[in-house]
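Student: pasting the sequence and the predicted coordinates here, then a few questions.
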Amino acid sequence: MYEQLKRDRAVIDFEDVLLLTVGILQDRDDIADHVRSQYQHFVVDEYQDVSPLQQRLLELWLGDRQSLCVVGDASQTIYSFTGATPDHLLNFRTKHPDATVVKLVRDYRSTPQVVHLANGLLSQARGRAAEHRLELVSQREAGPEPVYTEYADEPTEAEGTARRIRDLIAAGVPAGEIAVLYRINAQSEVYEQALADAGVPYQLRGAERFFERQEVRKAIHGLRSAARFGNNDPLLDDVVDLPSQTRAVLSGNGWTTQPPAGSGAVRDQWESLAALVRLAEDFAKARPAATLSDLVTELDERAAAQHAPTVQGVTLASLHSAKGLEWDAVFLVGLTEGMMPITYAKTDEQIEEERRLLYVGVTRARLHLGLSWALSRSPGGRASRRPSRFLGGLRPGSASSGNRGAGGGGGVEHGRQRQQGHRWCGQAQAPQPGPVPGMRKDAHRRG
């Protein structure tokens with residue numbers, strides 16, 4: 001369908017540009033000779049992310065020459081869904097036996113504590129890329145240990161993260177030097193809300209704000225129409241409760257009970273719709289008598305709160321879009337099984353790519369690094385989630401961590417119990433009495 005659409009509109013994309021260039025250089029020796037005479041030497045950065053098509057184009061540019069320098073790290077191969085493979089990097093010495101190899105192990109970005117955790121993460125890796133991993137050596141002075149925090153639920157995790165960020169800003173860390181990184185874009189909404197509630201400016205990278213995404217705007221439009229004309233909507237004939245009504249309406253926008261296989265735009269759109277479904281479920285729990293109109297009002301208020309002018313603030317980004325960037329403080333959030341590694345990562349190689357993705361996230365931090373997870377999705381939910389397997393042996397108290405662990409000293413903090421409930425339509429829901437399982441009122445360290 002995509003290829004047909006391009007033909008109908010007489011347009012090409014970037015992959016087509018590469019493909020056509022390869023075709024020209026293969027079929028027209030005169031053009032190939034001209035290009036080779038004009039460009040003598042080539043340097044390729046991020047060589048681990050080169051696709052077979054890009055590699056073929058590089059070979060055609062080079063011809064019979066060997067004037068080539070490549071820079072790459074097989075441990076940062078995270079774009080296999082685009083066709084990227086580290087094989088070209090790992091096979092470089094075989095193809096170019098006279099090449100000089102320089103191992104760049106000095107890390108000038110991160111503190112020894114951050115580098116220690118990054119090395120520990122890769123020490124558990126498997127596969128060919130892992131066999132060629134480098135042991136980084138920090139060139140910076142010592143800094144604070146990475147902080148591991150366990151929360152009762154996702155909203156509490158977001159609020160706790162926003163609170164830590166506010167404290168860092170108060171201590172002098174610029175908001176633009178702080179990032180919150182997550183696995184998929186659909187995770188951004190709860191952090192957008194928490195930062196907005198905390199009065200912390202933020203910006204999204206690599207994705208539109210949650211309520212500005214086309215699929216979200218279209219879904220809210222559908223919910224608004226259903227709220228107004230629901231009596232004439234056959235989708236709502238057999239459903240009564242608010243969550244069921246929401247699911248019925250969003251099914252017309254592409255939401256299904258099971259997520260689509262694999263990753264990409266279709267999966268991202270489904271995740272956005274699924275986030276709306278979860279929000280409706282939480283809203284109905286907090287306000288059992290709420291109607292579809294009430295939900296639309298709540299969504300409009302949330303959207304309005306997040307439509308502030310673009311400012312220089314805390315960066316919210318997916319791990320993929322954070323590649324190549326760095327900040328003084330990084331918060332890696334949502335580190336649970338099913339999200340890291342992502343649930344559709346099934347094969348050993350897919351699992352290892354998820355590990356490398358987390359490694360990329362860790363190495364974005366210069367000084368402060370926080371890693372957190374929530375035991376349940378919503379407040380009062382069953383604490384059935386488990387921390388990511390990649391943290392095993394790294395976070396204090398986990399298997400094989402010993403007295404200190406590769407993740408550094410200190411213990412696992414338990415997020416402070418929420419002092420206020422959800423903001424539903426501008427009203428505060430009173431907190432439930434008694435302790436939340438696995439948490440204490442005040443943050444504390446264990447171990």
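Tutor: All right, it came through fine. Numbers count the residues shown, from 1 in each chain.

Student: what about stretch 101-110, how long is it end to end?
Tutor: For stretch 101-110, the first-to-last residue distance is 24 Å (CA to CA, to the nearest Å).

Student: flag every buried residue along that stretch.
Tutor: Residues of stretch 101-110 classed as buried: 107, 109, 110 (neighbour count, 16 or more other CB atoms under 10 Å). Every residue, glycine included, has its C-beta placed from N, CA and C.

Student: want to throw those residues into TSV with pLDDT?
Tutor: Written out in TSV, the entries for the buried residues of stretch 101-110 read as follows (pLDDT from 0 to 100):
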residue	pLDDT
107	94
109	95
110	96
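
Student: and those, which is closest to residue 279?
Tutor: residue 110 (35.9 Å; CB to CB).

Student: I'd guess the closest one is in a strand, am I close?
Tutor: No. Counting by DSSP: H, G, I helix; E, B strand; the rest coil, one finds residue 110 to be coil, located in no strand.

Student: which phi and psi does it have?
Tutor: The phi and psi torsions at residue 110 (degrees, to the nearest 10) take the values phi -110, psi 160.

Student: which residues touch it?
Tutor: For residue 110, the contact set (CB atoms under 8 Å, 6 or more residues apart in numbering) comprises 118, 138, 140, 363, 365, 366, 367.

Student: gap between the residue nearest to residue 320 when sequence neighbours are not counted and residue 327?
Tutor: By the measure of CB to CB, 6 or more residues apart in numbering, the closest residue to residue 320 outside its immediate chain neighbours is residue 78, 6.3 Å from it. Using CB to CB, to the nearest Å, one gets 18 Å for the distance from residue 78 to residue 327.

Student: neighbours of the nearest residue to residue 213 once chain neighbours are set aside, just the number please.
Tutor: Leaving aside its chain neighbours, residue 213 sits nearest to residue 272 (5.6 Å; criterion: CB to CB, 6+ apart). Look at residue 272: counted by other CB atoms under 10 Å, it has 27 neighbours.

Student: then the one 3 residues further on?
Tutor: Residue neighbour count, defined by other CB under 10 Å, stands at 20 for residue 275.

Student: again, but for the one 10 residues further on
Tutor: Here the number of neighbours of residue 285 (other CB under 10 Å) works out to 17.

Student: assumed it was part of a strand.
Tutor: No. When the secondary structure is assigned by three-state DSSP, residue 285 falls in helix instead of a strand.

Student: I'd say it and residue 378 touch.
Tutor: Yes. With contact taken as CB atoms under 8 Å, residue 285 and residue 378 are classed as touching, separated by 7.1 Å.

Student: so the residue nearest to residue 213: helix, strand or coil?
Tutor: Secondary structure, three-state DSSP: residue 272 is helix.

Student: one more: the one 10 residues further on?
Tutor: On the three-state scheme (three-state DSSP), residue 282 is labelled helix.

Student: give me the phi and psi for the closest residue to it other than its chain neighbours.
Tutor: Closest residue to residue 282 in three dimensions, ignoring its sequence neighbours and counting by CB to CB, 6+ apart: residue 378, at 4.9 Å. Listed backbone geometry of residue 378 is phi -120, psi 160, with angles given as degrees, to the nearest 10.

Student: how far out from the middle of the chain is the helix or strand harbouring residue 120?
Tutor: Residue 120 is part of helix 112-123 when elements are defined by DSSP states H and E. Taking CA atoms, centre = their mean, to the nearest Å, one finds the center of helix 112-123 at 20 Å from the center of the full chain.

Student: what residues does it touch?
Tutor: When contacts are taken as CB under 8 Å, 6+ apart, the neighbours of helix 112-123 outside the stretch itself are 75, 107, 110, 130, 133, 135-138, 140, 142-146, 355, 358-359, 362-363, 365-367, 369, 390, 393-394, 405-408.

Student: and the next helix or strand past it?
Tutor: Heading towards the C-terminus - elements assigned by DSSP H and E - helix 112-123 is followed by helix 128-131.

Student: wait, residue 186 sits on residue 272?
Tutor: Yes. With contact taken as CB under 8 Å, residue 186 and residue 272 are classed as touching, separated by 5.2 Å.

Student: what do these two both touch?
Tutor: residue 210.

Student: on that earlier part again, export the buried residues of stretch 101-110 as TSV, with columns for distance to residue 303.
Tutor: Written out in TSV, the entries for the buried residues of stretch 101-110 read as follows (distance: CB to CB, whole Å):
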residue	distance to residue 303
107	41
109	37
110	37
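
Student: show me the shaky parts of this protein.
Tutor: 206-208, 230-237, 262-264, 267, 306-312, 399-411, 416-447 (pLDDT under 70).

Student: change it to 50
Tutor: The chain contains residues with pLDDT under 50 at 308-310, 401-405, 420-447.

Student: quickly run through the sheet partners of the longest strand along it, with directions.
Tutor: Scanning the chain for the longest strand, with DSSP state E as the assignment, gives strand 365-376. When sheet partners are counted by DSSP bridges, strand 365-376 sits next to strand 147-153 (parallel), strand 327-332 (parallel).

Student: can you name the next helix or strand after it?
Tutor: Counting by DSSP H and E, the next helix or strand C-terminal to strand 365-376 is strand 412-414.

Student: how far does that following strand sit from its chain's centre?
Tutor: Using CA atoms, centre = their mean, the mean C-alpha position of strand 412-414 is found 22 Å from that of the whole chain.

Student: elements contacting it?
Tutor: With contacts defined as 3 or more CB pairs under 8 Å, 6 or more residues apart in numbering; DSSP states H and E, the secondary structure elements packing on strand 412-414 are strand 147-153.

Student: check which element follows the strand it packs on along the chain.
Tutor: Moving toward the C-terminus from strand 147-153, the next helix or strand (DSSP H and E) is helix 154-170.

Student: next, the angle strand 365-376 makes with that following helix.
Tutor: 160 degrees (axes from the mean of the first three to the mean of the last three CA atoms, to 10 degrees).

Student: list the buried residues for helix 154-170?
Tutor: Taking 16+ other CB under 10 Å as the neighbour-count basis, helix 154-170 is seen to contain the buried residues 154-166, 168-169.
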